[in-house]
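Q: Structure for the following, please:
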Amino acid sequence: MADFNHIFPTPTLGLGCWAIGGPFFMDGRAVGWGEVDDTVSKAAVAAALEHRIKHFDTAQAYGCGHSEVVLGDALKQHPDVAIATKIGLGIDTETKQLTGPILDPEQVRHSIDASRKRLGRDKIDMVLHHNNELPITDAKPTFDMLATLYDDGIIGGYGWSTDVAESAAAFADHPGFTAVEHAMNVLKPADQIVPTVENANLLSLIRSPLAMGVLGGKYDANTQFSKDEIRGSNPGWQDYFKDGKITDAYMAQLNGVRETLTSNGRSLAQGAIAWLWARTPNAVPIPGFRTPEQVHDLCGALATGPLTQAQMEEIETILGR
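A: Residues are numbered from 1 along each chain as shown. The predicted structure follows:
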């Protein structure tokens, strides 16, 4: 594994930039988080820097390039802060539509050049393949190209955003293959992929650490999400919400573990992050954010660190796992 210890002490926290990308769409459905105020987004990034956050995770897909533009502008005076972006999904920056997978490595290479321009960086610290369930044979040409870009110093490392354990391990021997970004939270413990990532000594970049807001502490069973954002549009590949509301099953699990997660003075979001740090030493949670207030709450988790083994066992008992 590449040496990222200067960026990722233990425990550590990154921030995910899906929500600050603004609206974008796939097959006619909203897959962003609604309208955004770029001024507020940049203020939230500034708040993260106050807490010494050193890693931000974005993607070409987020807002069809807009998240990269906003993040690049917010970090233009901070070249020491690491940026990861994701490639492999075609974007139309004008219509804000995802246009489908990009599998040709030369097209991917050109898209990385476009990301470098939007981010304002000659070198991108980490590039992740965004196609979660792509067959390994179809992904190989892109990863071979990423290895070349790593050798050429264009990228600092690369990996795969996937929840498939076999995919996570497939290119671990490639020079520069550093990380697997996968979903995990207290409600979805990712039992198959965590051992794979640990055995390969890769970074475990955790997306959906707050279960798309279910574990954020802001919403309850009566919250109705708009069809203009991902939680209300029913895209078919997330199951936390149905008809724009948190499902009864997930609300029941949340209510069961709420007291344990909020022990020791933690907010619910802080407890959810603390669970991840106790789950695997390789974990780098990357919760999403929109406002400075959210960032301050998330970064508060660093003050108390991981849950104890007793708290972890208590949660497993409550959830019947």
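Q: Give me the nearest residue to residue 104, chain neighbours excluded.
A: Ranked by C-beta to C-beta, 6 or more residues apart in numbering and with sequence neighbours excluded, the top spatial neighbour of residue 104 is residue 141, at 7.8 Å. Any C-beta I mention is one placed from the backbone N, CA and C, and that applies to glycine too.
Q: Would you map the helices across the stretch 1-150 of the chain?
A: If DSSP state H, counting those that start in this stretch is used as the criterion, the helices of the stretch 1-150 of the chain fall at 38-50, 66-74, 105-119, 136-151.
Q: sorry, back to before: show me the contacts for the residue nearest to residue 104.
A: Residue 141 makes contact with 103, 104, 105 under the criterion C-beta atoms under 8 Å, 6 or more residues apart in numbering.
Q: any idea which of the helices of the stretch 1-150 of the chain is most buried?
A: Per-stretch averages of neighbours, counted by mean count of other C-beta atoms under 10 Å, single out helix 66-74 among the helices of the stretch 1-150 of the chain, with a mean of 23.
Q: Report the inter-axis angle for it versus helix 38-50.
A: 60 degrees (axes from the mean of the first three to the mean of the last three C-alpha atoms, to 10 degrees).
Q: Let's test this: mean pLDDT of stretch 41-53, rounded?
A: Mean per-residue pLDDT for stretch 41-53: 97.
Q: from now on call the first residue 536
A: Sounds good: first residue 536 from here, last item stretch 576-588.
Q: residues making contact with that stretch?
A: Contacts to stretch 576-588, defined as C-beta under 8 Å, 6+ apart, come from residues 548-550, 555, 591, 605-606, 608-610, 613, 616, 824-827, 829-831, 834, 837.
Q: Give me the buried subset of these.
A: Among those, those classed as buried by 16 or more other C-beta atoms under 10 Å are 548-550, 555, 591, 605-606, 608-610, 616, 824-827, 829-830, 834, 837.
Q: Distance to residue 850 for the helices of the stretch 536-685 of the chain - can I get that in a markdown table?
A: What follows is those, written out as a markdown table (distance: least, C-beta to C-beta, whole Å):
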| stretch | distance to residue 850 |
| --- | --- |
| helix 573-585 | 28 |
| helix 601-609 | 32 |
| helix 640-654 | 38 |
| helix 671-686 | 34 |
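Q: Tell me which of the ones you listed approaches residue 814 most closely.
A: Closest approach to residue 814 among those (C-beta to C-beta): helix 573-585, 22.7 Å.
Q: sorry, back to before: point out the least confident member of the contacts of residue 676, please.
A: residue 638 (93).
Q: Find the residue closest to it in space, skipping its chain neighbours.
A: The spatially closest residue to residue 638, leaving aside those adjacent along the chain, is residue 673, at 5.9 Å (C-beta to C-beta, 6+ apart).
Q: number of nearby residues for the nearest residue to residue 667 once chain neighbours are set aside?
A: Nearest in space to residue 667, with sequence neighbours left out and distances taken as C-beta to C-beta, 6+ apart, is residue 697 at 5.1 Å. Residues within reach of residue 697, counting by other C-beta atoms under 10 Å, total 24.
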